[in-house]
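In: Sequence unavailable; structure follows:
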């Protein structure tokens, strides 16, 4: 989807994405609170966890993959959808790009425990560029920490930044204590923290917990504390990064965070709008709209996605004719519409032409 289109002529501080599924989220919160109030007291007394990152899901971090609860070769997350991949054993919480990672995003112990294992010397690189999956065989977790919480409970934190782990084996750590930084080590393609929970060596989805009686949805005894659950409302898809570019957009540059200082000028060759997304589906409609300083629509482009992808980079834009661009504020809006459902995601970005 590379529509750089010629049209008549009529910055980058990172803006937080603005999503348009507000009413659906409100309904989800209400249903969750009703279910939470109905939980038995014993569910609140079991092992409980806080988020390993202090972030706002959907704003500056995103849950990309959930635990795969399907014991076969199929994929099923705790909501009976497929925001995961086969045999995935943890919850992946991603940050926007490598520049955010390099600034330092702290990882916290989700519960009090004893350090049982540490790795801290693996490089931070997309495994596809670092030699493939065989290059990290046996060390897929990358740099990380294993915590023992007693009573059979453990948590494991993976893909941390090389040299950032600040705890050692046999240390006692308290809930909320910093243990390292988000990284890109091990079997991973993007900066994130993978947190894996086990009880008596069996993987447990922290959204489902133990003893779930229904097939889909949050279990009767989830492991996340209430505040964490309320912040992590289920979103199977995310338009998590967006920007303008004065040249044809490049996925690798965007994922490195190198569009951070992007500015547009009167004689920039292109005004292009790009987005990076998690979990798009075959048949999704992706719309790009660029509006000029006087409210005129300069670009309106829609494409239908042809396949399901865990991660997708896409863009559309306008080539400049001989005349310079009009000075002022340009607004870009990107919408992903899922036919046959009430799901719609959108993100807005503005930039000035100087």
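Out: Noted; the coordinates are in hand. Just so it is clear, the model here is predicted, and its values are computed rather than measured.
In: In a helix, residue 294, correct?
Out: No. Checked against DSSP: H, G, I helix; E, B strand; the rest coil, residue 294 lies outside a helix; its state is coil.
In: ok, it - how many residues close by?
Out: The tally of other residues near residue 294 (other CB atoms under 10 Å) stands at 8. The way it works is simple: take the backbone N, C-alpha and C, and place the C-beta from them, glycine included.
In: Look up how far residue 85 lies from it.
Out: 46 Å (CB to CB, to the nearest Å).
In: And for residue 209?
Out: Going from residue 209 to residue 85 by CB to CB gives 22 Å.
In: ditto for residue 54
Out: Going from residue 54 to residue 85 by CB to CB gives 27 Å.
In: before we move on, what about residue 178?
Out: 29 Å.
In: Equivalent analysis for residue 194, please.
Out: According to CB to CB, residue 194 and residue 85 sit 12 Å apart.
In: Compare the two (neighbour count), which wins?
Out: Higher neighbour count among residue 194 and residue 85: residue 194, with 26 against 12, using other CB under 10 Å.
In: Residues in a beta bridge with the nearest residue to residue 337 once chain neighbours are set aside, which ones?
Out: Excluding the flanking residues, the one nearest residue 337 by CB to CB, 6 or more residues apart in numbering is residue 285, at 4.3 Å. For residue 285, the beta-bridge partners are residue 304, residue 337 (DSSP bridges).
In: so where do the helices sit in the stretch 51-200 of the chain?
Out: 98-103 (DSSP state H, counting those that start in this stretch).
In: Quick check: pLDDT value at the nearest residue to residue 320 once chain neighbours are set aside.
Out: Leaving aside its sequence neighbours, residue 320 sits nearest to residue 269 (CB to CB, 6+ apart; 5.7 Å). Model confidence at residue 269, given as pLDDT, is 95.
In: Tell me how many other residues surround residue 269.
Out: Neighbour count of residue 269, defined by other CB under 10 Å: 13.
In: you'd agree it is up against residue 245?
Out: No. If you go by CB atoms under 8 Å, residue 269 and residue 245 don't touch, sitting 10.3 Å apart.
In: on that earlier part again, how near is the residue nearest to residue 320 to residue 191?
Out: For residue 269, the distance to residue 191 - CB to CB - is 31 Å.
In: out of everything not next to it in sequence, what's closest to residue 210?
Out: Nearest non-adjacent residue to residue 210, counting by CB to CB, 6+ apart: residue 221, 5.8 Å away.
In: confidence score at that neighbour?
Out: 92.
In: before we move on, what about the one 3 residues further on?
Out: Among the per-residue scores, residue 224 shows a pLDDT of 97.
In: try the one 10 residues further on
Out: Per-residue confidence for residue 234 comes out at a pLDDT of 95.
In: Return the residues in contact with the residue nearest the centre of the chain.
Out: Central residue of the chain (CA atoms, centre = their mean): residue 62, 2.9 Å from the mean position. Applying CB atoms under 8 Å, 6 or more residues apart in numbering, we find residue 62 in contact with 93, 94, 235, 238, 240, 278.
In: right, and the third one touches residue 63 too?
Out: Yes. Judged on CB under 8 Å, residue 235 makes contact with residue 63 at a distance of 7.2 Å.
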